[in-house]
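> sequence unavailable; structure follows:
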């Protein structure tokens, strides 16, 4: 019998009601630690580990380090244990952390806005040579990353970095990570607005502040007023993108909730225009929402993108305005499409003051301490005291007089740092890979460098912008889902039935122009040894089948599976 107002007892059978555990949101009263990470953060703020490093661990050595500091809190100061040599990718997910840990560290130097003086760059290079066996990789978040760091040397490294205004504070961990910024902020002739004052004020207020040092997970941010959209704003937790408001003038469009890894999301516009002087307040509001409402029960759902997916942009903006800013934001326009296909600032470009900046491309971000000190020397010899890192694992020398440009370009070429790279050199990125990373399954840096060489040899006339991003595991540190050709490292079976290093292939991802994650062709995997053959084959099919002016991503979206395999 159906239930009616007269006979409510005739309803469907009663279901057992279970008590919802909640998502671990502080704002909902869920303060009880719900996983091991939340427990060690509750026990002691990660910022406090520095004192123990300086007074205990650096004096007593690696074996004296508390496990919760070693694999947890030390990240708040840019330190991760690196992978023990000789452990193959098949054991990555099987071994316990202590079995994967080497007694050396990766140390990340945060470079907010990618801004460096030549003096700072020289110190970074000298530290690499003295303490890191020469290692110093450029990351796709504008940082420099060392390897082979001993705990005994960390206090001295900090002293040298901080003496020139650099730090490793919150370069890792559940913290506000480095603030990405346009490498040519304040100098580009076509800039909409310079976000540098906002980067500096956010850094002053937020970084190292215990009010924001216990977030549910990492928090990635970006600020740029460049019409190139040069900071990958679509995949940051919060981003401020330069726009020109028809009534209020230059300011920033607010984006929230981007991120990649195993559950990628493109950030969403909140439809709000933010003037430069209000950017720090809005940033503080967004990061406070993440701290208070972010999901802490499950680490796999603890990024801001999951909260935004559940709330939607409209509710997020309402909470930001009503509970944190206590005022309404101004509605504003979306950013224009980027003015160029490449967004890395490679090449020679005129500054607004009449001088020039010169961007150049290392191989997949792999440099070394000696090279970095030489870059500082070359820049200074050509009249520059400023360099920048980019989000594409590139570097830029600023403030070069026209008469010095050709000589600078030649000096960089002598260091194998070209300002006139092929599309393959320019467009290939790679993460750290199995050489040092405990999460990795395959090798990446050397594989990427050899792939560049092979493609340059096989396809010397290829001149289309193309991005090839190589990742050692599913976590997408090298942004595989938004590359023309994205390569996710995994073990695959070769023609002889042997399990070998290889990649799952993603095709047609993009940022800027029609941002999206592209497609995966069912079963499309290649071994590392087959990689040059595969990339050559698919690029030649693109050349043969493309329509006039068609980008690779557009072609890949419409091409048949036979063309992509």
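Now that the structure is in, tell me what you want to look at. Computed from a prediction, not measured in an experiment: that's the story for all the values here.
> contacts and neighbour counts: CA atoms only from here.
Will do.
> just give me the residue right at the centre of the protein.
residue 141 (4.3 Å; CA atoms, centre = their mean).
> can you pull the contacts of the closest residue to that one other than its chain neighbours?
Spatial nearest neighbour of residue 141, excluding adjacent residues (CA to CA, 6 or more residues apart in numbering): residue 391 at 5.0 Å. Listed by CA atoms under 8 Å, 6 or more residues apart in numbering, the contact partners of residue 391 are 139, 140, 141, 142, 180, 230, 231, 232, 344.
> the same query, at a cut-off of 10 Å, please.
Residues in contact with residue 391 (CA atoms under 10 Å, 6 or more residues apart in numbering) are 113-114, 138-143, 180-183, 230-232, 343-344.
> ok, now residue 455?
Going by CA under 10 Å, 6+ apart, residue 455 touches 422, 423, 424, 425, 462, 532, 533, 535, 536.
> state the three-state secondary structure for it.
At residue 455 the chain is in helix, as set by DSSP: H, G, I helix; E, B strand; the rest coil.
> per-residue pLDDT, it?
Residue 455 carries a pLDDT score of 98 in this model.
> now it: how far from residue 536?
7 Å (CA to CA, to the nearest Å).
> tell me where the model's unsure across the stretch 251-400 of the chain.
Within the stretch 251-400 of the chain, no range satisfies pLDDT under 70.
> just the strands in it please.
268-274, 330-331, 347-350, 356-360, 366-368, 386-389, 395-400 (DSSP state E, counting those that start in this stretch).
> next structured bit after the helix or strand residue 108 falls within?
Per DSSP states H and E, residue 108 falls inside strand 101-109. Next helix or strand after strand 101-109 toward the C-terminus (DSSP H and E): strand 115-117.
> okay, now the sheet partners of that following strand, with direction.
Each strand paired with strand 115-117, and its direction, by DSSP bridges: strand 386-389 (antiparallel).
> now the strand it pairs with: buried residues?
Residues of strand 386-389 classed as buried: 386, 387, 388, 389 (neighbour count, 16 or more other CA atoms under 10 Å).
> farthest-separated two in the contacts of residue 455?
422 and 533 (18.3 Å; CA to CA).
> more crowded one of these two?
Using other CA atoms under 10 Å, the more surrounded residue of residue 422 and residue 533 is residue 422, with 20 against 15.
> contacting residues around the more buried one?
361, 452, 455, 456, 460, 461, 462, 463, 464, 465, 466 are the contacts of residue 422 under CA under 10 Å, 6+ apart.
> which two among those residues are spaced furthest apart?
Farthest-apart pair in those is 361 and 461; separation 19.0 Å (CA to CA).
> quick one: which of the contacts of residue 422 sit in helices?
The helices, defined by DSSP state H, take in 452, 455, 456 from those.
> helices along the stretch 101-250 of the chain, start to end?
Secondary structure of the stretch 101-250 of the chain (DSSP state H, counting those that start in this stretch): helices at 118-131, 154-163, 196-206.
> list the contacts of the shortest one.
Put plainly, it is helix 154-163. When contacts are defined by CA under 10 Å, 6+ apart, helix 154-163 is touched by residues 50-51, 53-55, 57-58, 77, 79, 105, 107, 109, 120, 123-124, 126-128, 130-131, 149, 165-169.
> try it again with 7 Å
With CA atoms under 7 Å, 6 or more residues apart in numbering as the test, helix 154-163 has contacts from 54, 127, 167.
> could I get the contacting residues of the second one?
Contact partners of residue 127, counting by CA under 7 Å, 6+ apart, are residue 157.
> that one and residue 134: what is the separation?
Look at residue 127 and residue 134: by CA to CA, they are 8 Å apart.
> got it, and the first one?
Using CA to CA, we find residue 54 at a distance of 24 Å from residue 134.
> of these two, who's got more company?
residue 134 (21 against 17).
> my read: the more buried one touches residue 369, true?
Yes - using CA atoms under 7 Å, residue 134 is in contact with residue 369, at 5.0 Å.
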